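Visitor: this is a predicted model, with the sequence first.
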Amino acid sequence: MKETTAQKTAATGTARRGLGRRFTVFQSGVLCSDAGDGLYRFGVPLLALAVTRSPSEVALVATATRLPWLLFGLLGGVLVDRFGPPTVMLWAGAVRTALVLALMVAAWQDMLSVPLLIAAALLVGTAGVMSDLAAQTWTPRLVPSELLPRANARIQSIQITVGQLFGPAFGGVLVPLGMFVPMLLAAVGYGVTSALAGVVARMRPPETTLASGGGGAASPSGAGATVSASGSGRRRDAASLVSELRDGLVYFLRRRDVGRLAALGACTNFGFAAMITLLPLWVIAPGPLGMSTLALGLMVTAIACGGLFAGACGPRVIARVGAGRVLRTAAPLTGLGLALVAIGHAAAAVVGLLLYGAAVTFGNLVVLSYRQRTVPAELYGRVNAAYRWACWGAMPLGAGAAGVLSTTLGLSASFALTGTFTLVAALLLPPRGRLEES
């Protein structure tokens, strides 16, 4: 589908428009939240090591930080739709602030234990799930539909830069000042997130901001027939939670296009989890590449660098090339990136990880904007939660499969197989034209 001169002019005008003060304040809140997450995830293992030197107990604490998505992700979507993104984001920040400060007091009083750390990790992680879901649900209500790719790119770049790179690195710099310093700053970040959510909620929205709906686009496949709002007329008891969750799941399952995108995301995360689990054995001596732990860290950073590149240029590329074409190119490139790691040379591994990071981010920008535009606002929190639950739930499965594959096939064959699996998964993309019409 060729772009007309009018479409190109409109795309140029859109690229020059600002995202508005409300989104700028909201973006600052997301930045503080992700900074807090990066510092918190860096600090929790240090607290665990101060209590125990048992690898299994430290692993239990680390696992507890990842479990909330599987345990509470679907419920989080219901709560976001029921109470609204501003309320959920505000309270999630306040709860995380209180929990981290309580954890620091317990450490100061010599009351830390492994069960306490596990409980705290589950609670902080659950509040983090709520905050992430609220942020994604709030975004399409803060900017016009045509600016969603740029807004999503901003948020994704923040998550990559702050949450994955600067947060943990800054935590490492701060540790010499005291074990509690990263945790204290994490609590501050969560508190600022809560405050900024309240500020955004009180700011008057511009007339062009989407008040409801998924961006004004018609729901494909007649999916709108299952919409059941959880507005003020609905009951607010425990039984209604099940009803609201069912409404979201029914809509999610009837949207074959969203379901196929979720299946693609699950396959991609499965392959990535398998790769990242085996990468230390592949890179660090006496592994085939025979390199140091520093080299491994730099390789993993390549994923983030690829993501930052895609986040910076993604909106312009999508506007010029088209969302469908970008996704149909990015999906197979993720598998190619994983397969390149199997070559057995450091340069190939770095190129593969860069390619993977860029392709995944390009794909995420398209898919996220598509969901935000086509899923009704009153159901978006639940549908988004179901989507992310399916995608993120594949990661522990991929990590477990990595052990079986490496034992039976060897490392090189395992990398090649995961890359090929992810490459073939691109066939799960919805029929041509669906994404282009959103």
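Guide: Cool, the structure landed. Residues are numbered from 1 along each chain as shown.
Visitor: count the neighbours of Pro144 for me.
Guide: For Pro144, the neighbour count with other C-beta atoms under 10 Å is 19. C-beta: built from backbone N, CA, C; applies to glycine.
Visitor: just Gly363 next, same as before
Guide: Neighbourhood size, Gly363 [other C-beta under 10 Å]: 26.
Visitor: repeat for the one 4 residues further on
Guide: A count of nearby residues for Val367, using other C-beta under 10 Å, gives 24.
Visitor: cool, the one 3 residues further on as well?
Guide: By the other C-beta under 10 Å criterion, the neighbourhood of Tyr370 contains 26 residues.
Visitor: buried ones in the strand or helix carrying it?
Guide: Secondary structure assignment for Tyr370, by DSSP states H and E: helix 346-374. Applying a neighbour-count criterion of 16 or more other C-beta atoms under 10 Å, the buried positions in helix 346-374 are 349-374.
Visitor: point out the other helices and strands that it packs with.
Guide: In terms of contacts (3 or more C-beta pairs under 8 Å, 6 or more residues apart in numbering; DSSP states H and E), helix 346-374 is packed against helix 148-158, helix 256-283, helix 293-321, helix 323-340, helix 377-409.
Visitor: centre of the chain to the longest one, how far?
Guide: Offset of helix 377-409 from its chain centre (C-alpha atoms, centre = their mean, to the nearest Å): 12 Å.
Visitor: for it, packing partners?
Guide: Using 3+ C-beta pairs under 8 Å, 6+ apart: helix 377-409 touches helix 68-83, helix 114-138, helix 238-254, helix 256-283, helix 346-374, helix 411-424.
Visitor: in it, which residues are buried?
Guide: 377-392, 394-396, 398-399, 401-402, 405-406.
Visitor: report the angle between that helix and helix 411-424.
Guide: Calculated by axes from the mean of the first three to the mean of the last three C-alpha atoms, to 10 degrees, helix 377-409 forms an angle of 150 degrees with helix 411-424.
Visitor: repeat that for the fourth one.
Guide: Compare the direction of helix 323-340 with that of helix 411-424 by the same axes, to 10 degrees and you get 170 degrees.
Visitor: distance to Val105 and mean pLDDT added to the helices and strands packed on helix 346-374, as CSV?
Guide: As requested, these are exported to CSV (distance: least, C-beta to C-beta, whole Å; pLDDT from 0 to 100):
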stretch, distance to Val105, mean pLDDT
helix 148-158, 30, 86
helix 256-283, 35, 88
helix 293-321, 33, 84
helix 323-340, 44, 92
helix 377-409, 31, 85
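Visitor: so which of those helices gets nearest Leu70?
Guide: Nearest to Leu70, of all the helices and strands packed on helix 346-374, is helix 377-409, at 5.6 Å by C-beta to C-beta.
Visitor: for the strand or helix carrying Ala98, packing partners?
Guide: Secondary structure from DSSP H and E places Ala98 in helix 85-108. Applying 3+ C-beta pairs under 8 Å, 6+ apart, we find helix 85-108 packed against helix 21-51, helix 114-138, helix 180-202.
Visitor: how about the first one: buried residues?
Guide: When you say that, I think you mean helix 21-51. Buried-residue list, helix 21-51, by 16+ other C-beta under 10 Å: 22-23, 26-44, 47-48, 51.
Visitor: now Trp204, what's its secondary structure?
Guide: Careful, residue 204 is Arg; it's not Trp. Following DSSP: H, G, I helix; E, B strand; the rest coil, Arg204 is assigned to coil.
Visitor: give me the number of residues near it?
Guide: 8.
Visitor: swap in Gly297?
Guide: Gly297: 11 neighbours (other C-beta under 10 Å).
Visitor: any idea how far it lies from Val44?
Guide: For Gly297, the distance to Val44 equals 19 Å [C-beta to C-beta, to the nearest Å].
Visitor: check Leu19 too.
Guide: In this structure, Leu19 and Val44 are 33 Å apart, going by C-beta to C-beta.
Visitor: also Leu333?
Guide: The gap separating Leu333 from Val44 is 34 Å, by C-beta to C-beta.
Visitor: Glu57 now?
Guide: From Glu57 to Val44 the distance is 13 Å (C-beta to C-beta).
Visitor: and what of Asp37?
Guide: Remark: distance between Asp37 and Val44 (C-beta to C-beta) = 11 Å.
Visitor: repeat for Gly410
Guide: Separation of Gly410 from Val44 (C-beta to C-beta): 34 Å.
Visitor: same list, the helices and strands packed on helix 377-409, but as JSON lines with distance to Ala92 please.
Guide: As requested, the helices and strands packed on helix 377-409 are exported to JSON lines (distance: least, C-beta to C-beta, whole Å):
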{"stretch": "helix 68-83", "distance to Ala92": "9"}
{"stretch": "helix 114-138", "distance to Ala92": "4"}
{"stretch": "helix 238-254", "distance to Ala92": "18"}
{"stretch": "helix 256-283", "distance to Ala92": "23"}
{"stretch": "helix 346-374", "distance to Ala92": "20"}
{"stretch": "helix 411-424", "distance to Ala92": "32"}
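Visitor: Ile155 is nearest to which of those helices?
Guide: The closest of the helices and strands packed on helix 377-409 to Ile155 is helix 114-138. By C-beta to C-beta, the value is 7.1 Å.
Visitor: can you point out the buried residues in that closest one?
Guide: For helix 114-138, by 16+ other C-beta under 10 Å, it's 114, 116-118, 120-138.
Visitor: same deal with stretch 330-343?
Guide: Residues 330-342 are the ones in stretch 330-343 that count as buried (16+ other C-beta under 10 Å).
Visitor: go through these and name the one nearest Met203.
Guide: Closest to Met203, out of all of those and judged by C-beta to C-beta, is Ala330, at 34.6 Å.
Visitor: measure the closest one to Val162 for me?
Guide: 23 Å.
Visitor: shaky segments in the stretch 51-200 of the chain?
Guide: 55-56, 59, 163-179 (pLDDT under 70).
Visitor: again, only using 90
Guide: For the stretch 51-200 of the chain, the stretches with pLDDT under 90 are 51-75, 104, 107-110, 112, 114, 136, 140-141, 143-150, 152-183.
Visitor: is it true that Leu70 touches Trp392?
Guide: Yes: if you go by C-beta atoms under 8 Å, Leu70 and Trp392 touch, sitting 7.2 Å apart.
Visitor: for Val124, see how far away Leu39 is.
Guide: 12 Å.
Visitor: typo on my end, Arg316
Guide: For Arg316, the distance to Val124 - C-beta to C-beta - is 37 Å.
Visitor: try Leu103
Guide: On the measure of C-beta to C-beta, Leu103 and Val124 end up 8 Å apart.
Visitor: with Gly335 instead?
Guide: Gly335 is 34 Å from Val124, by C-beta to C-beta.
Visitor: please apply the same query to Leu405.
Guide: Noted for Leu405: a distance of 33 Å to Val124, by C-beta to C-beta.
Visitor: ok, how many other residues are close to the nearest residue to Ser369 once chain neighbours are set aside?
Guide: Spatially, and ignoring its direct neighbours in sequence, Ser369 is nearest to Leu148 (4.4 Å; C-beta to C-beta, 6 or more residues apart in numbering). The number of residues packed near Leu148 is 23, by other C-beta under 10 Å.
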